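**Student:** 3D model of this:
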Amino acid sequence: IFKFLGAISVDLGQERIKPYLPTILTPLYRELNSNYAEQDPTLKNLSQEIIELLKKLVGLETFSLAFSSVQKQASQKRAMRKKQRALQTVANPDIAARRKLKRHKNKAETRKRKIESLRPMYKAKRHRSHALKDLAMVE
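**Tutor:** This is a model prediction of the structure:
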């Protein structure tokens, strides 16, 4: 898709690409700023190359305006999701508590896995099932 976006950009030319610049930059920006573990470095390099191509094609000033609008939009979306999550914890405390228990459980499992990889002779105790009953709140 990134190669397609680059090809379309070159094909449209400097003047006809300007209205579509924020739309093209959105997935490129998302790929550059992503920080998930299984990230493909070739994809990141490709997005960087296409951004450089767009910078040369439309000029630095036009590109900077479009890129800053994409950045602003992404940060607004991130803030909105964070706010929604905070509101959900207040509105639905049972769902929030379940999510918190699940997160803590996963954290403990990760810690056990890490210890096992560092010390192969050590075997941590593990729960047999990951059903909803494991996540139930106990009073």
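**Student:** From residue 115, how far off is residue 109?
**Tutor:** Distance, residue 109 to residue 115, by CB to CB, to the nearest Å: 11 Å. Just so you know, the C-beta spots here come from the backbone N, C-alpha and C atoms, and that holds for glycine as well.
**Student:** Ok, residue 74 next?
**Tutor:** 37 Å.
**Student:** what's the answer for residue 39, then?
**Tutor:** For residue 39, the distance to residue 115 equals 26 Å [CB to CB].
**Student:** How about residue 78?
**Tutor:** 34 Å.
**Student:** Which strand or helix spans residue 79?
**Tutor:** helix 60-91 (DSSP states H and E).
**Student:** Which strands or helices does that helix pack on?
**Tutor:** helix 21-33, helix 41-58, helix 93-118 (3 or more CB pairs under 8 Å, 6 or more residues apart in numbering; DSSP states H and E).
**Student:** so which of those gets nearest residue 86?
**Tutor:** helix 93-118 (9.6 Å; CB to CB).
**Student:** That closest one packs against which elements?
**Tutor:** Against helix 93-118 (3+ CB pairs under 8 Å, 6+ apart) you get helix 60-91, helix 132-135.
**Student:** Comparing these, which yields the minimum mean pLDDT?
**Tutor:** Ranked on mean pLDDT, the bottom entry among the helices and strands packed on helix 93-118 is helix 132-135, at a mean of 60.
**Student:** Next, the contact list for the residue nearest to residue 5 when sequence neighbours are not counted, please.
**Tutor:** Using CB to CB, 6 or more residues apart in numbering and skipping the chain neighbours, the partner closest in space to residue 5 is residue 24 (5.2 Å). Residue 24 is in contact with 5, 8-9, 17, 54, counting by CB atoms under 8 Å, 6 or more residues apart in numbering.
**Student:** Nothing else from me, thank you.
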